[in-house]
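A.B. asks: Structure of the sequence below:
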Amino acid sequence: MDIIWLGHGSFRIETAGQVLLIDPWLTGNPALPEDQHDAAVAGATHILLTHVHFDHVVDVLPLAKKLGVPVVGQYDLMGHWGETEGIETVGFNKGGTVDLNGVKVSMVPASHSSTFNTPEGIRTGGTEVGFMIASEGKMLYVSGDTDIMADMDWMGDYFKPDIGILSAGGHFTMDMKGAAYAAKRYFNFKTVIPCHYGTFPILEQSADDLRAGLPGVDVIEPQVMQAITL
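C.D. replies: Below you'll find the predicted structure:
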C-alpha cells in the first residue's frame, strides 16, 4: 500500500491494483504545485469524498468527468449527482461497506460540518464522514475533518485500524495534541500520518506535538507527492 499526500486533506492511495483519490483538492491548493496535478490523479480508479467543504469537493466533479471514474460517498449526494451530473457514483452511508474491486471501504462517523455556498445561501451536502479502508491485510482509518469524538471508541474496537490518517491542524479540526489524545485513547495504531495542517498560517505547521504524544507509534509527517509505503 502506497499512501501519497497531495497536501492538506487530500490523498492518493495505491493498493491492490486500485488508485483511490480521497478529497482531491487541486485548484488553489497551495501545497500542490500545478505541474504535479496530472501526476497526482493519473490512473485513478475511484474518488472518495468525506464532505463538501470547498477544500475537499471543488475538484471532485471535474475530475470524475475528466477521468471517467466513480465518486464514492454518501447516498443522498451521490444519488443527486448521478441524476444531474452524468457521472458514475457509488452511494452508501454510515455503517455500510462497499467493495471497490477488492478494496473494502466502510463509512464511519466524523464530527465536523458539511455545507456549501449557493446564490440562495448555505446548503448542506449530506453529513461529514470518515472511512475505514481494508486492503492488503491492513486497515486504514481516514478520519476526514473531525474533532475527538466518543464514536472513536467503538470504531477503534470494531475495525482495529493499524494505520491512521488523522486531521490534526487545529482551528477547523482537532489539533496535534487532540489527535494524539484520540489515537492513544481509542486506537492502537502502528502508524499515524497527520493531515489538514501546514496549508495556511492559521493551522499547525508541524507534527511535533503529535509525535511527542504517541511514543512507540511511527508518526510520519508526509511530504507532498512522496509515497509512504506500508
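A.B. asks: ok, now which ones touch the nearest residue to residue 8 once chain neighbours are set aside?
C.D. replies: Of all residues not flanking residue 8 in the chain, residue 199 sits nearest, at 4.6 Å (C-beta to C-beta, 6 or more residues apart in numbering). Just so you know, the C-beta spots here come from the backbone N, C-alpha and C atoms, and that holds for glycine as well. By C-beta atoms under 8 Å, 6 or more residues apart in numbering, the contact list for residue 199 reads 7, 8, 29, 30, 31, 169.
A.B. asks: Those residues, buried ones only, as a ChimeraX selection?
C.D. replies: In ChimeraX syntax, the buried subset of those is picked out as below (16 or more other C-beta atoms under 10 Å):
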select :7,8,29,31,169
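A.B. asks: in this structure, which spans are helices?
C.D. replies: With DSSP state H, the ranges of helices along the chain come out as 37-41, 54-57, 60-67, 75-84, 151-159, 176-186, 208-213.
A.B. asks: Run a quick check on residue 136 versus residue 3, I expect a contact.
C.D. replies: No: using C-beta atoms under 8 Å, residue 136 is not in contact with residue 3, being 11.7 Å away.
A.B. asks: out of the two, which sits in the more crowded spot?
C.D. replies: residue 3 (23 against 11; other C-beta atoms under 10 Å).
A.B. asks: Give me the pLDDT value at the more buried one.
C.D. replies: Per-residue pLDDT puts residue 3 at 98.
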